[in-house]
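Q: I'll drop the sequence and a predicted model, then ask my questions.
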Amino acid sequence: MNSRSPVWFFDLDNTLHNASAHVFGALNVAMTSYIETHVGVERDEASRLRALYWHRYGATLLGLVRHHDVEAAHFLSETHALPDLEQQLRSHAHDLAAFKRLPGRKFLLTNAPLAYAQRVLMALRLERCFEGVIGMEQMRMFGHLRPKPDARMFRHLLARMQLRPADCILVEDTLIHQKSARRVGMQTVWMQRWARQAVQGQPATPTQAVHHGLRRRPVYVDRRVSSLATLLK
């Protein structure tokens, strides 16, 4: 890490809170139901498309927009409504207290919609910790969504914010996003806490299974941590 004042970009789900405990399951159900209803396929096919597009494009929404003319705003609103979201959130008080003491500028960078991100931050009492919240809707270039892991979005975002990539640190649970961030010159921290616990205690998502299988830190990851408190060191 360099000696200049850091600019932190934090992911949300499975980075600031344990989304694998309940939230990811609820989102998967909501997305599958949406595809079943609005694309007009059987439940098993809807589930297959949800996973396929996530693997192929990094976000299920991108595949639905490209292949089925789904309206992005409608999809995000419907699938992330989650009326019991606040009751489903799981995190760690010590981690959140350490996060609040972390020096430097902080931004949230999530592929989730803005309204969902703001609800989670409010429930975690972190809403005042961030200088800005960048949700899926804000990751547009020339009229097209370019969410993580699109390296063009990272370049465009940092140029717009007049930030030097070397001063910026992406804290993420998803390795493919970190790989793109490193390509543009950002520093990277791999948050393993919640993904590791999910693999040990519950069925893993495809991303978690891949991560769990890695024994060594990938070359594009500067550090790997199991708690936000570790970042204070």
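A: Thanks, I have the structure now.
Q: how many neighbours does N18 have?
A: Residues near N18, counting by other C-beta atoms under 10 Å, number 21. Any C-beta I mention is one placed from the backbone N, CA and C, and that applies to glycine too.
Q: would you say V133 is within a helix?
A: No - secondary structure assignment (DSSP: H, G, I helix; E, B strand; the rest coil) places V133 in strand, not in a helix.
Q: which SS class is the residue nearest to it when sequence neighbours are not counted?
A: Leaving out its chain neighbours, the residue that sits closest to V133 by C-beta to C-beta, 6 or more residues apart in numbering is L108, at 4.5 Å. At L108, secondary structure determined by three-state DSSP is strand.
Q: quick check: the gap between L108 and A117.
A: Distance of L108 to A117, given as C-beta to C-beta, to the nearest Å: 6 Å.
Q: identify the contacts common to those two.
A: L12, V133 (C-beta atoms under 8 Å, 6 or more residues apart in numbering).
Q: after the helix or strand of the chain with the lowest mean pLDDT comes which helix or strand?
A: Least confident helix or strand, the chain: helix 206-213 with a mean of 46, by mean pLDDT, DSSP states H and E. Next in sequence after helix 206-213, counting helices and strands by DSSP states H and E, comes strand 223-225.
Q: run through who's touching that following strand.
A: Counting by C-beta under 8 Å, 6+ apart, M1, T188, V189, W190, M191, Q192, R193, R217, L231 sit against strand 223-225.
Q: for that strand, which strands pair with it and how are they oriented?
A: Using DSSP bridges, strand 223-225 pairs in its sheet with strand 187-191 (parallel).
Q: correct me, but L52 touches G63?
A: Yes - with contacts defined as C-beta atoms under 8 Å, L52 counts as touching G63 at a distance of 6.9 Å.
Q: now the strands for this structure?
A: 7-10, 105-109, 132-134, 140-141, 144-145, 168-172, 187-191, 223-225 (DSSP state E).
Q: pull out the buried positions in the last one.
A: By neighbour count on 16 or more other C-beta atoms under 10 Å, the buried set for strand 223-225 is R223, R224.
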